[in-house]
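# next comes the sequence, and after it the predicted model I'd like to discuss.
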Amino acid sequence: MKYFAHPTAIIDNGAKIGSGTKIWHHVHVREKAKIGKKCVLGKDVYIDKKVKVGNNVKIENRASIYNGVDIEDDVFIGPHVCFTNDLHPRSFNTNWKIVKTLVKKGASIGANSTIICGVKIGKYSMIGAGSVVTKDVPDFGLVFGNPAKLRGFVCFCGTKLKKIVKKNNLKYLFKCKECKKEVPIQKEIYEKVFFT
């Protein structure tokens, strides 16, 4: 099965697009970018050269993803999200270096968020709309604000976790009230949120 690209989309030579992917109005995918299978790229999305996007990723309208960003499978990127790739931007700087950012499997990034380069966004984490992410986000972490701060934890399904069913010296085990899955959270990270 091939991918679909709207006639207004621009896909540069050397870009690789996985089967079943849908690319909508006025999207630009640059050379050497890799887009996985069954992705959706909404209107006006910009994918810079050498960006890597996994399978089943949804990128909403007007998101900008720049060189140095790697996105794993099952990630959701809301509308108008912007990733940066330079910590010291100057229009006249010809000797700048790309700072890498990693978005891990299943993470969700809310609308209008800005991701400052050099961070790792953990598996199944959730970033609230309008956040400015300047630090790593742990697996299952719920962060929001400017700058974004860790405010709790979410399940695989996205529901905020509240009920601890088991504890030991290394982790707390939560049970989701919605999907009933159990989610392990490292004790050290949990206590940083609730006891500092």
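The structure has been received and is ready for your questions. Numbering: from 1, shown residues only.
# CA only for contacts and neighbour counts going forward, please
OK.
# and the gap between the residue sitting nearest the centre point of the chain and D70?
Centroid-nearest residue in the chain, with CA atoms, centre = their mean: V103, separated by 4.4 Å. Using CA to CA, to the nearest Å, V103 is found at 6 Å from D70.
# the residue nearest to the centre of the chain reaches D73, doesn't it?
No. V103 lies out of contact with D73 (CA atoms under 8 Å); the separation is 9.1 Å.
# tell me the contacts of the closest residue to K16 other than its chain neighbours?
Of all residues not flanking K16 in the chain, K34 sits nearest, at 4.8 Å (CA to CA, 6 or more residues apart in numbering). K34 is in contact with 15-17, 50-53, counting by CA atoms under 8 Å, 6 or more residues apart in numbering.
# who wins on neighbours among these?
The most crowded member of the contacts of K34, judged by other CA atoms under 10 Å, is V53 (27 neighbours).
# partner residues bridging it?
I35, I71 (DSSP bridges).
# so it sits against D70, correct?
Yes. The pair V53 and D70 passes the contact test of CA under 8 Å, sitting 6.2 Å apart.
# any figure for the gap between the residue nearest to K16 and S64?
For K34, the distance to S64 equals 15 Å [CA to CA].
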